[in-house]
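Student: predicted structure and sequence below. I'll ask about it afterward.
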Amino acid sequence: MPTDQAEAVVLRTSNIGDQDKIAVFFCREKGVLRGVAKGARKFGNRFGSSLEPMSVVHVFYYEKERRELVTVSGCDLIESFFEIQAEPETAFLLTYFAELIEEFAPARAREEVLYRLLLSVLRCLKGGGDREFTAAYFEAWFLQSNGLLPDLSGCRNCRKPLVASWLALKKDGAYCPDCTPVRKDEIPPAIQGFLRWIRKNPPAGGCAPPFPPGEMAAIRRSLQAMIVYHMEREPRSLQFLKTK
Ligand SMILES: [Zn+2]
């Protein structure tokens, strides 16, 4: 049987049968790929720690016609992000990233920007980057790479530059105080500077983020309102993050 291979990040695994796992991979060139790893729960199995969530791996697999799941024949660990997940808040956050990618990334389609984004935020967190800032960085670029980040530089209606503003109902723009039909999702003025910053910079590992925590929380609320709208539900992992 011909074997394919891909560089991928393991998004999650679940148990199936007595000894096997289903693994969901996010491949650099092939998007989301789901496969069965036979024997992955046996003691001393050949997969070792390569199927831990967020492991960067070389996955070898083959597919049978008309089956949604491929068969994973091998998985070599390239880079591990196991240790940063000892902190529950980081582990939850990574589950949230994985849920968004699995929900939005089309199966078997190249998603290079999103793949590089995931790698960069993982490395940032591993390097001691601020969790809230890294989360906002991911959320904003995630929206941008899916074409879902609206132009927030001017009012949708009168094009005036925005200071105080509210998100449009369909999250496809913002309105100034004179034009807004509803005052529900207020957008913090700091979001403009934040979006300019992230377009020019990689996520800030190690050093202090260039925005204060209060601003980050408000910026994340706006970004999450857009994500929830387009996902048509609140991500399960986000509900969990909020109830902590
Ligand atoms: Zn206006």
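Tutor: Perfect, thanks for sending it. Only a predicted model underlies this, so the values are computations on that prediction, with no experimental measurement involved. Residues are numbered from 1 along each chain as shown.
Student: flag every residue of this structure that's near the ion.
Tutor: Residues of the chain lying close to the ion by Cβ under 5 Å from the ion are Cys155, Asn157, Cys158, Cys176, Cys179. C-beta coordinates here come from the backbone N, C-alpha and C atoms, glycine included.
Student: where is the longest strand in this structure?
Tutor: Longest strand of the chain, by residue count under DSSP state E: strand 4-16.
Student: ok, and for that one, which residues are buried?
Tutor: Ala6, Ala8, Val9, Val10, Leu11, Arg12, Thr13 (16 or more other Cβ atoms under 10 Å).
Student: ok, back up a step: just the buried residues of the residues of the chain next to the ion.
Tutor: Buried members of those, scored by 16+ other Cβ under 10 Å, are Cys155, Cys176, Cys179.
Student: surely the first one meets Leu162?
Tutor: Yes - taking Cβ atoms under 8 Å as the contact criterion, Cys155 and Leu162 are neighbours in contact, 5.9 Å apart.
Student: shared neighbours of those two, anything?
Tutor: Among the neighbours of Cys155, those also in contact with Leu162 (Cβ atoms under 8 Å, 6 or more residues apart in numbering) are Ala174, Cys176.
Student: residue ranges with poor pLDDT in this structure?
Tutor: For the chain, the stretches flagged by pLDDT under 70 are 1, 204-208, 243-244.
Student: re earlier: name every strand pairing with the longest strand of the chain and say which way it goes.
Tutor: Strand 4-16 pairs in its sheet with strand 20-27 (antiparallel), strand 56-62 (antiparallel), by DSSP bridges.
Student: among the ones you listed, which is the most enclosed?
Tutor: Among the strands paired with strand 4-16, the stretch with the highest mean neighbour count (mean count of other Cβ atoms under 10 Å) is strand 20-27, at a mean of 22.
Student: list the contacts for the spatially most central residue of the chain?
Tutor: Centroid check for the chain by Cα atoms, centre = their mean gives Phe97 as the closest residue, at 3.1 Å. Residues near Phe97 by Cβ under 8 Å, 6+ apart: Leu118, Val121, Phe138.
Student: just give the closest residue to Ala107, not the sequence neighbours.
Tutor: Once flanking residues are discounted, Ala107 sits nearest to Val32: 5.0 Å by Cβ to Cβ, 6 or more residues apart in numbering.
Student: CSV for the residues of the chain next to the ion, including secondary structure and distance to Val59?
Tutor: Below are these laid out as CSV (DSSP: H, G, I helix; E, B strand; the rest coil; distance: Cβ to Cβ, whole Å):
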residue, secondary structure, distance to Val59
Cys155, coil, 47
Asn157, coil, 49
Cys158, coil, 51
Cys176, coil, 49
Cys179, coil, 50
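Student: grab the two from these that are most spread out in space.
Tutor: Asn157 and Cys176 (7.5 Å; Cβ to Cβ).
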